[in-house]
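Undergrad: Have a look at this prediction, sequence included:
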Amino acid sequence: MRGEILRVSRELLDEGGPALLSMREVARRVGCTHQAPYYYFEDRETILAVLVVEGFVELTARLRSANALAPAHGIRAALIASTRSYVDFALAQAGVFRMMFRPDTCNPQRFPSIVQAARQARAELDALNTILHGAGATAARASVLWAHVHGLACLEIDGPREGGADMASKRSRELEDVAQTFADLVLGQLGSGGPERAVGLNPHL
């Protein structure tokens, strides 16, 4: 029952955001009594907190897998994979993704597990920053990386999109092109004077 409540809640967030998610609507869609969800979750915000934590856990795992490509496949592969991992997660979990960065709908002070999970995801971003810049990794450079992936994700899930039967494949091609272009720009800057450590990890960037 708990898993079904969370599944339905994800669907409601995808369909209409937090305004559509209520304990009564969850119970109606699950097919249980109005009081049944309260056996598993104190209130609607508790459901949101669980979904947000799960979202950060999944995002962390995706980013960690992308970073792990660097030693064997090069920094460029890791950077491209990191972009795709972040945006692919946002597309797959659009409703939850929006909630992960909205403390007004799910108070992190009430749920410290959200803060902890978010820090783990940020740690993977910082790890990528170090992979790229070594001792030259700064907070500003980390913000540039985050702005790139997060801005692209928001454009993909909320920006204007063309329709068509091949929309999914076209979107995938566009994302890959953007990811590769960004990697080329970043590594081009490193190659023209950036930290030698970044290009020393793999000569085939």
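TA: Nice, I can see it.

Undergrad: can I see the domain layout of this protein?
TA: 1-41, 44-200 (automatic domain parsing).

Undergrad: For the residue of the chain most remote from its centre, which three-state class applies?
TA: Most distant residue from the mean C-alpha position of the chain: Thr33, 33.8 Å away (Cα atoms, centre = their mean). Classification of Thr33 into helix, strand or coil gives coil, according to DSSP: H, G, I helix; E, B strand; the rest coil.

Undergrad: now swap in Asp184 and tell me
TA: Remark: Asp184 carries the secondary structure label helix [criterion: three-state DSSP].

Undergrad: I'd like the distance between it and Gly55.
TA: Using Cβ to Cβ, to the nearest Å, we find Asp184 at a distance of 30 Å from Gly55. To be clear about C-beta, it is placed using only N, CA and C from the backbone, and glycine gets the same treatment.

Undergrad: can you count the residues close to Arg24?
TA: Arg24 is flanked by 10 other residues according to other Cβ atoms under 10 Å.

Undergrad: Going forward, the N-terminal residue is numbered 3.
TA: New numbering, starting at 3: the last item is Arg26.

Undergrad: Hmm, His36 and it touching each other?
TA: Yes: when contacts are counted by Cβ atoms under 8 Å, Arg26 is listed as touching His36 (5.7 Å).

Undergrad: still on that earlier bit, identify the residue nearest the residue farthest from the centre of the chain in space, chain neighbours excluded?
TA: The spatially closest residue to Thr35, leaving aside those adjacent along the chain, is Ala29, at 6.4 Å (Cβ to Cβ, 6 or more residues apart in numbering).

Undergrad: Which helix or strand contains the one you found?
TA: Assessed by DSSP states H and E, Ala29 sits inside helix 25-32.
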